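Chemist: Here is my input, please return the structure:
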Amino acid sequence: MGHVEKFNEKEKWCPKCEKWILLNDFYTDTDRKSGRRTYCKLCERLKKAEYGTNSRDKLLNPEEIKVLWENQDRKCAICRKEIDYLSGHLDHDHATGQARGLLCKWCNLGLGWFKDNSELLKAAIDYLKRFSRC
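Modeler: Here you go, the predicted model:
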């Protein structure tokens with residue numbers, strides 16, 4: 001019997017889940033024939049959580065993160081853009097370590113650049129309002 005491919009143009013087999021999953025639910029890997037990693041994003045996330053290699057999973061476990069994401073209507077807590085559960089950035093208070101919400105990449109970077117300083121953010125808002133045409 002010939003070799004059977006474990007992927008097609010829409011799906012790929014995840015050996016950990018033991019089911020076919022959409023290609024977008026796998027991270028890319030240009031070294032592989034399929035162009036995707038072996039395991040789906042969820043299985044990779046769970047593996048990282050098990051070994052403690054993902055910093056966000058040290059604050060909340062994957063199931064708690066998924067509940068938080070669903071409670072936010074699957075959207076960024078700031079800009080309300082739809083985010084994927086696996087790509088959302090778990091925002092937390094750096095002083096207390098307390099998780100606050102899931103953010104998109106850009107909102108997470110914005111808070112980081114402003115060092116979580118609400119006074120700096122207010123100054124940025126005032127600055128934008130000074131030059132606003134509305």
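
Chemist: secondary structure class for G101?
Modeler: Three-state call for G101 (DSSP: H, G, I helix; E, B strand; the rest coil): strand.

Chemist: What residues does the nearest residue to it once chain neighbours are set aside make contact with?
Modeler: Excluding its sequence neighbours, the residue lying closest to G101 (Cβ to Cβ, 6 or more residues apart in numbering) is A77, at 3.5 Å. In short, each C-beta sits where N, CA and C put it, glycine included. By Cβ atoms under 8 Å, 6 or more residues apart in numbering, the residues touching A77 are D91, R100, G101, L102, L103, C107.

Chemist: try L46
Modeler: Contact partners of L46, counting by Cβ under 8 Å, 6+ apart, are P62.

Chemist: Do you know the pLDDT at it?
Modeler: We note a pLDDT of 75 for L46 in this prediction.

Chemist: Remind me which helix or strand it belongs to.
Modeler: Per DSSP states H and E: L46 is located in helix 41-51.

Chemist: For the chain, just list every one of the helices.
Modeler: Assigned by DSSP state H, the helices in the chain fall at 41-51, 56-59, 62-71, 105-113, 118-130.

Chemist: how far does stretch 103-112 sit from the chain's center?
Modeler: Relative to its parent chain, stretch 103-112 has a centroid offset of 11 Å by Cα atoms, centre = their mean, to the nearest Å.

Chemist: Would you mark the buried spots in it?
Modeler: Using 16 or more other Cβ atoms under 10 Å as the test for burial, stretch 103-112 gives L103, C104, C107, N108, L111.

Chemist: would you turn these into a markdown table with distance to L42 and pLDDT?
Modeler: Below are those laid out as a markdown table (distance: Cβ to Cβ, whole Å; pLDDT from 0 to 100):
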| residue | distance to L42 | pLDDT |
| --- | --- | --- |
| L103 | 20 | 93 |
| C104 | 19 | 91 |
| C107 | 23 | 93 |
| N108 | 21 | 90 |
| L111 | 26 | 91 |
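
Chemist: And the furthest pair within those residues?
Modeler: For the buried residues of stretch 103-112, the farthest-apart pair by Cβ to Cβ is C104 and L111; their separation is 11.1 Å.
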